[in-house]
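In: here is a sequence together with a model predicted from it:
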Protein chains: 2
Amino acid sequence: MATPVTVHGPPLSTAVSRVLACLIEKDVPFQLIPVNMAKGEHKSPDFLKIQPFGQVPAFQDEATSLFESRAICRYICEKYPEKGNKGLYGTNPLAKASIDQWVEAEGQSFNPPSSVLVFQLAFAPRMKLKQDQSLISQNETKLEKLLGVYEKRLGESRFLAGDDFSLADLSHLPNAHYLVNAAEREELFTSKKNVERWWGEISSRDSWKKVVDMQKQST
Amino acid sequence: MATPVTVHGPPLSTAVSRVLACLIEKDVPFQLIPVNMAKGEHKSPDFLKIQPFGQVPAFQDEATSLFESRAICRYICEKYPEKGNKGLYGTNPLAKASIDQWVEAEGQSFNPPSSVLVFQLAFAPRMKLKQDQSLISQNETKLEKLLGVYEKRLGESRFLAGDDFSLADLSHLPNAHYLVNAAEREELFTSKKNVERWWGEISSRDSWKKVVDMQKQST
């Protein structure tokens, strides 16, 4: 029988790798279909049928097509409550909400400056594009300030939403990984005691190491 | 007995009004505590205890404090499934996911250009700040392109996530309201047949009219 869950997109994409980390953490088997974005495959009519914005990832589970990585992660946890890491999205409305508010903080506050920095510092040089120093500096300041709030929070609890690793932490992995390993911004994390401890702990999980292996194999 | 649900923040804030619209739609009684942002009350030590980022809204339900408007809306729907509009966040994992992906599209793709336009076109002139024409033009182009995808989607279904009004639609109301009524960008919506129909329908709901009344009373 074919695996029902399919992820379309390159593992190097931060949004794709967020979904892969969630699937591995939940122990849900899946099939990965590469999408050659350099060739514009994400803008093809067939792809637009499952992802109307022409972005990655697109996600399919039997007859269901979904887009938006954070929504896909929530769906995986709701659809497969008994599989893998059962507490990844909490087990009651309050635990879920505590996790969800930090997933939103990631999407609304951590992702915007991080993705600018990752693009400017890691991808622009490889694409031979000129870096925008003022944009880099503005977004470093934003991220530094934000991580100050994280430092305080992570002094109060082991993970963002409490004692257990959850979607809240997982959702930060893709951009944080590039900031540390491709954009030479490790210091944003290591200069803060609690953030450093947290980053060490979440980035060494087996699920994330498997995603990083998939990224390496895809290049 | 005191109302357990409390929202801290001014109704004129888009994020606060998103939560108010959800509470009214779900028929959950609440207490609104004004926060004087001009006086910096959102940065006071007491406020930071319930909203560590110093943003609005902050939300309390009995012993629970939450932040991030979209996470708060999901929580309200999960906590009070039997109250008010029962289908606002769907009733099964698949319906929920269909709604959630459009809430994410709002947060990730509609909100960024909309909030720049609302600030530049509606608030900057009142605050006697110089408008940035290049930023306005860039973000108009982004939003126009995005609403082209919405136009197609709304030609296939009455609301974003299907036949029923949901959090997906509701989440767009605060910024769309300002674009149409304060930023003179009605045409972004009225130039597209299906988007115009959708906007007419969602903005005339009683719940949203009540929020607009609260905004008017607060000025």
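Out: Nice, thanks for sending it over.
In: where does chain A come near chain B, residue by residue?
Out: Within chain A, the positions near chain B by CB under 8 Å from any CB of the partner chain are A:52-53, A:64, A:66-68, A:70-72, A:74-75, A:78-79, A:93-94, A:96-98, A:100-101, A:103-105, A:107-109, A:112, A:146, A:149, A:152-153. All C-beta atoms are positioned from the backbone trio N, CA, C, and that covers glycine.
In: among those residues, which lie within helices?
Out: Residues of the residues of chain A next to chain B located in helices (DSSP state H): A:70-72, A:74-75, A:78-79, A:93-94, A:96-98, A:100-101, A:103-105, A:112, A:146, A:149, A:152-153.
In: can you tell me which of the residues you listed are buried?
Out: Buried members of these, counted by 16 or more other CB atoms under 10 Å in any protein chain shown: A:70-72, A:74-75, A:78-79, A:93-94, A:96-98, A:100-101, A:103-105, A:112, A:146, A:153.
In: okay, strands next: where are they in chain A?
Out: A:5-8, A:31-33, A:58-61, A:64-67 (DSSP state E).
In: for the closest residue to residue A:64 other than its chain neighbours, which residues are in contact?
Out: Nearest residue to residue A:64 in three dimensions, chain neighbours excluded: residue B:94, at 5.9 Å (CB to CB, 6 or more residues apart in numbering or on different chains). When contacts are counted by CB atoms under 8 Å, 6 or more residues apart in numbering or on different chains, residue B:94 touches A:64, A:75, A:79.
In: okay if I get those residues as TSV plus pLDDT?
Out: Shown next, in TSV, are the contacts of residue B:94 (pLDDT from 0 to 100):
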residue	pLDDT
A:64	87
A:75	96
A:79	93
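In: now, among these, which is nearest to residue A:176?
Out: residue A:75 (23.0 Å; CB to CB).
In: ok, that closest one touching residue B:99?
Out: No. Contact between residue A:75 and residue B:99 fails when scored by CB atoms under 8 Å: they sit 10.6 Å apart.
In: now do the residue nearest to residue A:64 against residue A:73, distance only.
Out: When distance is defined by CB to CB, to the nearest Å, residue B:94 is 15 Å away from residue A:73.
In: ok, residue A:132 next?
Out: 31 Å.
In: could you do residue A:96 as well?
Out: On the measure of CB to CB, residue A:96 and residue A:73 end up 12 Å apart.
In: quick one, phi/psi of residue A:26?
Out: When read as degrees, to the nearest 10, the backbone of residue A:26 gives phi -90, psi 0.
In: ok, now how distant is the nearest residue to it once chain neighbours are set aside from chain B?
Out: Once flanking residues are discounted, residue A:26 sits nearest to residue A:84: 3.9 Å by CB to CB, 6+ apart. Plainly put, residue A:84 is 16 Å away from chain B if you go by CB to the nearest CB, to the nearest Å.
In: tell me who's in contact with the closest residue in space to residue A:111 that isn't next to it in sequence.
Out: Nearest residue to residue A:111 in three dimensions, chain neighbours excluded: residue A:175, at 6.2 Å (CB to CB, 6+ apart). Residues near residue A:175 by CB under 8 Å, 6+ apart: A:14, A:110-111, A:114-115, A:118.
In: could you rerun that using 10 Å?
Out: Applying CB atoms under 10 Å, 6 or more residues apart in numbering or on different chains to residue A:175 gives the contacts A:14-15, A:17-18, A:106, A:110-115, A:117-118, A:143, A:183.
In: pick the one among the residues you listed closest to residue B:29.
Out: Taking the contacts of residue A:175 together and measuring to residue B:29 by CB to CB, the closest member is residue A:106, at 31.3 Å.
In: my guess is that closest one meets residue A:160, correct?
Out: Yes. Using CB atoms under 10 Å, residue A:106 is in contact with residue A:160, at 8.6 Å.
In: what do the two both touch?
Out: Common neighbours of residue A:106 and residue A:160 (CB under 10 Å, 6+ apart) are A:167-172.
In: farthest pair in those?
Out: Using CB to CB, the shared contacts of residue A:106 and residue A:160 span at most 9.9 Å, a distance reached by A:167 and A:172.
In: neighbour count: those two, which is higher?
Out: Remark: of residue A:167 and residue A:172, residue A:167 carries more neighbours, 29 against 25, as counted by other CB atoms under 10 Å in any protein chain shown.
In: local confidence estimate at the more buried one?
Out: pLDDT, residue A:167: 98.
In: didn't residue A:157 look like it was pressed against residue A:165?
Out: No. Counting by CB under 10 Å, residue A:157 does not reach residue A:165; the two are 11.5 Å apart.
In: mutual contacts of the two, please.
Out: Joint contacts of residue A:157 and residue A:165 (CB under 10 Å, 6+ apart) are residue A:198.
In: the two: which is more packed in?
Out: residue A:165 (21 against 14).
In: what count of nearby residues applies to the closest residue to the more buried one other than its chain neighbours?
Out: Of all residues not flanking residue A:165 in the chain, residue A:159 sits nearest, at 5.4 Å (CB to CB, 6+ apart). Close neighbours of residue A:159, defined as other CB under 10 Å, add up to 19.
In: for residue A:84, list the residues it contacts.
Out: A:22-28, A:76-77, A:207.
In: would a markdown table of those with pLDDT be doable?
Out: Listed next are the contacts of residue A:84 as a markdown table, based on pLDDT from 0 to 100:
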| residue | pLDDT |
| --- | --- |
| A:22 | 98 |
| A:23 | 98 |
| A:24 | 98 |
| A:25 | 98 |
| A:26 | 98 |
| A:27 | 98 |
| A:28 | 97 |
| A:76 | 96 |
| A:77 | 96 |
| A:207 | 98 |
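In: helices - which of these land there?
Out: Among these, the residues falling in helices (DSSP H) are A:22-25, A:76-77, A:207.
In: tabulate those in CSV, adding columns for neighbour count.
Out: Formatted as CSV, those follow (neighbours: other CB atoms under 10 Å in any protein chain shown):
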residue, neighbour count
A:22, 27
A:23, 23
A:24, 21
A:25, 25
A:76, 27
A:77, 26
A:207, 21
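In: out of the residues you listed, which comes closest to residue B:197?
Out: For those, the nearest to residue B:197 is residue A:76 (33.7 Å; CB to CB).
In: thought the closest one was touching residue A:57?
Out: No. Assessed by CB under 10 Å, residue A:76 is found out of contact with residue A:57, at 11.9 Å.
In: where do the contact lists of those two overlap?
Out: Shared contacts of residue A:76 and residue A:57, counting by CB under 10 Å, 6+ apart, come down to A:19, A:66.
In: how many neighbours does residue A:191 have?
Out: 12.
In: just the pLDDT for it.
Out: Predicted confidence (pLDDT) for residue A:191: 98.
In: distance check, residue A:38 against chain B.
Out: Taken as CB to the nearest CB, the span from residue A:38 to chain B is 21 Å.
In: list the contacts for that residue?
Out: Contacts of residue A:38 by CB under 10 Å, 6+ apart are residue A:10.
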